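Trainee: sequence-free structure coming up:
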């Protein structure tokens, strides 16, 4: 198994675990570790900017979780705003400190890259993730967005689902 295979497996397992009560089963059933491994491989080989970072938590030479940070792509963001693009830990490895260490490392790298604020999008219904981030000092900034999630069922019986997300931010100031 390659590093990107591990990232794809973590990605799928974490989303199925974390979003199982939020998204339709048809959506989560379509997730394939191999597909996401290809996405990760492309992002690693050809990052969108020189400020994009992928941080991986390991134990016994195996990936347990990851965080990705880079410039914020939101229309209202300025050059001083970064984004926590992803933060996932395999469900079997949660509550072992990987998420906290990844979050701290993401903040450190964003600060070193000159970002003054870090933003992240979080599903409204993902109370565990929101609570984790808020306990680390992240606060809602009143922005929200609706994502259309297509279950992709061939029989089209299930309509698209709307996933509402709120944006949380944290200041990277060391004052």
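Mentor: Structure's in. What do you need? Nothing here was measured: the structure is a model prediction, and the numbers come from that model. Numbering: from 1, shown residues only.
Trainee: so what secondary structure elements neighbour the helix or strand bottoming out on mean pLDDT in the chain?
Mentor: Evaluated with mean pLDDT, DSSP states H and E, the helix-and-strand set of the chain has its lowest mean pLDDT in helix 25-29, which scores a mean of 80. The contact analysis (3 or more Cβ pairs under 8 Å, 6 or more residues apart in numbering; DSSP states H and E) places helix 25-29 against helix 3-19. Every residue, glycine included, has its C-beta placed from N, CA and C.
Trainee: about what we covered before: buried set for the least confident helix or strand of the chain?
Mentor: 26-28 (16 or more other Cβ atoms under 10 Å).
Trainee: what kind of secondary structure is residue 39 in?
Mentor: When classified by DSSP: H, G, I helix; E, B strand; the rest coil, residue 39 comes out as helix.
Trainee: who are the neighbours in contact with residue 132?
Mentor: Residue 132 is in contact with residue 99, counting by Cβ atoms under 8 Å, 6 or more residues apart in numbering.
Trainee: Going by neighbour count, list what's buried in the helix or strand that contains it.
Mentor: Under the criterion of DSSP states H and E, residue 132 resides in helix 127-135. Going by neighbour count (16+ other Cβ under 10 Å), the buried part of helix 127-135 is 129-130, 132-133.
Trainee: mind showing which ranges of the protein have poor pLDDT?
Mentor: 1, 150-160, 175 (pLDDT under 70).
Trainee: how far out from the middle of the chain is stretch 30-45?
Mentor: 14 Å (Cα atoms, centre = their mean, to the nearest Å).
Trainee: And for stretch 54-69?
Mentor: 13 Å.
Trainee: Buried residues in it, which are they?
Mentor: Result for stretch 54-69 [16+ other Cβ under 10 Å]: buried residues 54-57, 63-69.
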